[in-house]
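Novice: Next one to model:
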Amino acid sequence: MLNHHSNKLLLLISVFLLFSCNKLVEIPDPKNTLTTNKVFNNDTQAISAMAGILTQMINTDASSSFASGLTSQTARASADEINLAFNLNNNIGDLARNSLTAESGEANNIWSSAYQTIYGANGVLEGIEASKSALLHAQTRTELIAEAKFLRAFSYFYLVNCFGDVPLLLSTNLAENSNKPRTAVAIVYQQIVNDLIDAANALPADYSAGGGERIRANKWAAKALLARVYLYTGDNSKAIQEATDVIGQTGLYQLETADLNKVFLKNSSETIWQLQQNVNKIFIGNAVPEAVGMLPSPLHTGASGDLSSYLLKAFEPGDLRKAAWIDSTDFTQSGVNYHARFIYKYKTGYHNLVVGGVATEYYMVLRFAEMYLIRGEAFALSGQLSAGIEDLNILRRRAGIVPLPTTLTRDQTLAAIAKERQTELFGEWGHRWFDLKRTGKAEQVLSAIPAKQPWRGSYQLLYPIPKTELQRDHFLTQNPNY
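Specialist: Down below sits the predicted model:
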């Protein structure tokens, strides 16, 4: 898995000098190598190392990192969120047509970038443990260990939902990691839970680590992700408790009820955790990487992918989310006129970005509205239907649509939750695709889409393990039918 030339903890320096690399396994020893002791000699160096990992996650184009837009981009194509009739030439054609093969490379960067973050987190954990410096203070040690565990859990969540069983790497040791087999999803999830519990217990409850900006994970970010993991793994009572804990932080989090265009602004009241882009980076500037490739340029006459009729029909008349978060463009491509609808949750894209400009948006990773959706679903699955419906109605009132009656049956409530997740979280971080898979609805919904015919089978609901990884680690096995 990790083709390094030594067992020194070099990842932090790799982060600083080599964050443009796409593949974890190909990071060379950097020039002017610093030793572990120097990297973790004091608070400033250790905090900078953690900041470097976050920088590596976000400051790349949206097709290179799972954390800069690639997860959203691939999952939209794998699900039913985009019109598959055109614009299939930007590395998502096989995904959109449900025609992945073992040779397809669309999802390879999800694998490599997620493991790069995991390796970074493991290096922080080992570096702090190895450092004996009195200048690396106890509080800094505790909080950075917790943040590293959060990032490791976060990365593994996306790996298991994209690939299924994956190698569970908990160190940077070459000998240990280079011959790792795949680990069962259930075991990986248990490690995710353990890491998130540790993180929630040790991270600060405020945003002091980010200087008041919501760009570093805190206690509530760990609990928010933990609530999602508990929902995914069927532990509904714990999902309810964790989501309730976050919802109860009214001093930090509120729904943006007056203007939905404020939701994705940096440090909005709905932000639990965002990633901050480097505004000086060419082609990204003060935009989030995903928006650079997603928004047409010019905004209303440039080429764009098209949102699907399945998504558009899910919105009820008068839904303010559709008005605020979807826009359209008219353009001509190869002599054909198109009218396309695009996601407009972020307002800064290639059409108006400024290199070195002031960012008004950071990349939203975890947001407050999801907590109501998680708790509502967990309530419904636990038989507390009226409580689940009320959580949905909180979001429906915010969206300007009629609240649901509390007389819905269990099946009606769960269907309403699925629809509400579709219209609230569309386009974000693979939510729709993951929802279809975890609720057992994927084959029913996706196999009915004409552009995905012929339906090759549900095995396509997991991405193929990258061929380069199979060649490098002979203990790895490919997902079935690839």
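Novice: Export stretch 455-466 to CSV, keeping only CA atoms.
Specialist: In CSV, the C-alpha atoms belonging to stretch 455-466 read as follows (Å, rounded to 0.1, in the frame of the first residue of the first chain):
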residue,chain,number,x,y,z
TRP,A,455,-28.2,-2.8,-16.4
ARG,A,456,-25.1,-4.7,-15.7
GLY,A,457,-25.9,-5.6,-12.2
SER,A,458,-25.7,-4.3,-8.6
TYR,A,459,-22.0,-5.1,-8.4
GLN,A,460,-21.6,-1.6,-10.0
LEU,A,461,-22.8,-0.1,-6.7
LEU,A,462,-19.2,-0.6,-5.5
TYR,A,463,-16.3,0.9,-7.5
PRO,A,464,-13.5,-1.4,-8.7
ILE,A,465,-10.3,-1.4,-6.7
PRO,A,466,-7.7,0.5,-8.6
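Novice: Tell me where the stretch 251-400 of the chain has helices.
Specialist: Along the stretch 251-400 of the chain, the stretches classed as helices by DSSP state H, counting those that start in this stretch are 289-294, 309-314, 320-325, 369-381, 385-398.
Novice: Now render the ones you listed as TSV, adding mean pLDDT and mean neighbour count.
Specialist: Every residue, glycine included, has its C-beta placed from N, CA and C. Output for the helices of the stretch 251-400 of the chain, formatted as TSV (pLDDT from 0 to 100; neighbours: other Cβ atoms under 10 Å):
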stretch	mean pLDDT	mean neighbour count
helix 289-294	94	24
helix 309-314	96	16
helix 320-325	98	18
helix 369-381	98	25
helix 385-398	98	20
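Novice: Helices of the stretch 1-150 of the chain, residue ranges please.
Specialist: Using DSSP H, counting those that start in this stretch, helices in the stretch 1-150 of the chain cover 11-18, 36-39, 43-58, 71-78, 93-96, 108-130, 138-163.
Novice: Just name the most buried of these.
Specialist: helix 71-78 (a mean of 26; mean count of other Cβ atoms under 10 Å).
Novice: Who are the packing partners of that helix?
Specialist: The helices and strands touching helix 71-78, judged by 3 or more Cβ pairs under 8 Å, 6 or more residues apart in numbering; DSSP states H and E, are helix 93-96, helix 138-163, helix 289-294, helix 431-438.
Novice: want to try JSON lines for these, with distance to Ala399 as columns?
Specialist: Formatted as JSON lines, the helices and strands packed on helix 71-78 follow (distance: least, Cβ to Cβ, whole Å):
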{"stretch": "helix 93-96", "distance to Ala399": "28"}
{"stretch": "helix 138-163", "distance to Ala399": "26"}
{"stretch": "helix 289-294", "distance to Ala399": "22"}
{"stretch": "helix 431-438", "distance to Ala399": "16"}
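Novice: Out of those, flag the one nearest Asn59.
Specialist: Proximity to Asn59, assessed across these by Cβ to Cβ, is greatest for helix 289-294 (7.6 Å).
Novice: Run through who's touching the closest one.
Specialist: Identification of contacts with helix 289-294 by Cβ atoms under 8 Å, 6 or more residues apart in numbering yields 58-63, 65, 68-69, 72-73, 90, 277, 283-284, 304-305, 342-343, 346, 348-350, 353, 361, 363.
Novice: Among those, the buried ones, what's the PyMOL command?
Specialist: Filtering the contacts of helix 289-294 down to the buried ones (16 or more other Cβ atoms under 10 Å) takes a single PyMOL command:
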select buried, resi 58+59+60+61+62+63+65+68+69+72+73+277+284+304+305+342+343+346+348+349+350+353+361+363
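Novice: follow-up on the earlier one: and the helices of the stretch 1-150 of the chain, which one is worst for confidence?
Specialist: Lowest mean pLDDT within the helices of the stretch 1-150 of the chain: helix 11-18, a mean of 36.
Novice: circling back: go through the helices and strands packed on helix 71-78 and name the closest to Ile272.
Specialist: Here helix 138-163 is closest among the helices and strands packed on helix 71-78 (Cβ to Cβ), at 11.9 Å.
Novice: After the closest one, heading C-terminal, what element do we hit next?
Specialist: Next in sequence after helix 138-163, counting helices and strands by DSSP states H and E, comes helix 174-177.
Novice: and that following helix, what does it pack onto?
Specialist: With contacts defined as 3+ Cβ pairs under 8 Å, 6+ apart, helix 174-177 has no helix or strand neighbours.
Novice: Kindly recompute the last result at 10 Å.
Specialist: Packing partners of helix 174-177 (3 or more Cβ pairs under 10 Å, 6 or more residues apart in numbering; DSSP states H and E): helix 108-130.
Novice: The helix it packs on versus helix 71-78: what angle between them?
Specialist: Following axes from the mean of the first three to the mean of the last three Cα atoms, to 10 degrees, one obtains 150 degrees for the angle between helix 108-130 and helix 71-78.
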